[in-house]
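Q: Would you be able to build a 3D model of this:
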Amino acid sequence: MVKVTYITHDGDQITVEAAEGDSVMSAAIAEGLDGIVGECGGSMMCATCHCYLDPDWADRAGSRADGEDDMLDSAVCDVTDRSRLSCQIRLTAELDGLVVHLPEEQV
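A: Numbering: from 1, shown residues only. Predicted coordinates:
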């Protein structure tokens, strides 16, 4: 299992465990976490799973997938160099302990 800590816009921290291969989005949805909507179910057709990688993890989570920049253009909150679509981040043993920050709103 891989642990992921989600930090809400208000600063609350929620840590969940997910299976390797799950996405950061699907782990949040499975836990009923507010802050990630995932309207398209993880098919990279929306930006309602926008998140910000914690600075300590930004380089370790990989680069944006092809097309991810285009979808992030439709994100409700500001896009930064640490912005990612959480549906495109697959959990691996190397990402155990990953920390992501959630935007103020998704839709």
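Q: how about the CA coordinates for stretch 90-101, as CSV?
A: Provided in CSV are the C-alpha atoms of stretch 90-101 (Å, rounded to 0.1, in the frame of the first residue of the first chain):
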residue,chain,number,x,y,z
ARG,A,90,-0.1,6.7,-10.7
LEU,A,91,1.0,5.5,-7.3
THR,A,92,4.2,3.5,-7.0
ALA,A,93,6.3,2.4,-4.0
GLU,A,94,8.6,5.3,-4.8
LEU,A,95,5.7,7.7,-4.2
ASP,A,96,4.9,6.3,-0.7
GLY,A,97,4.3,9.4,1.4
LEU,A,98,3.4,11.6,-1.5
VAL,A,99,1.9,15.0,-0.4
VAL,A,100,-0.5,16.9,-2.6
HIS,A,101,-2.3,20.2,-1.9
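Q: Please name the nearest non-neighbouring residue to residue 81.
A: residue 58 (7.7 Å; C-beta to C-beta, 6 or more residues apart in numbering). From N, CA and C alone the C-beta is placed, and that goes for glycine too.
Q: tally of neighbours for that neighbour?
A: 14 (other C-beta atoms under 10 Å).
Q: so it is in which element?
A: Per DSSP states H and E: residue 58 is located in neither a helix nor a strand.
Q: Isn't it up against residue 82?
A: Yes - using C-beta atoms under 8 Å, residue 58 is in contact with residue 82, at 5.0 Å.
Q: So what's the residue count around the closest residue to residue 80 other than its chain neighbours?
A: Nearest residue to residue 80, sequence neighbours excluded (C-beta to C-beta, 6+ apart): residue 52, at 6.3 Å. Neighbour count for residue 52, taken as other C-beta under 10 Å: 21.
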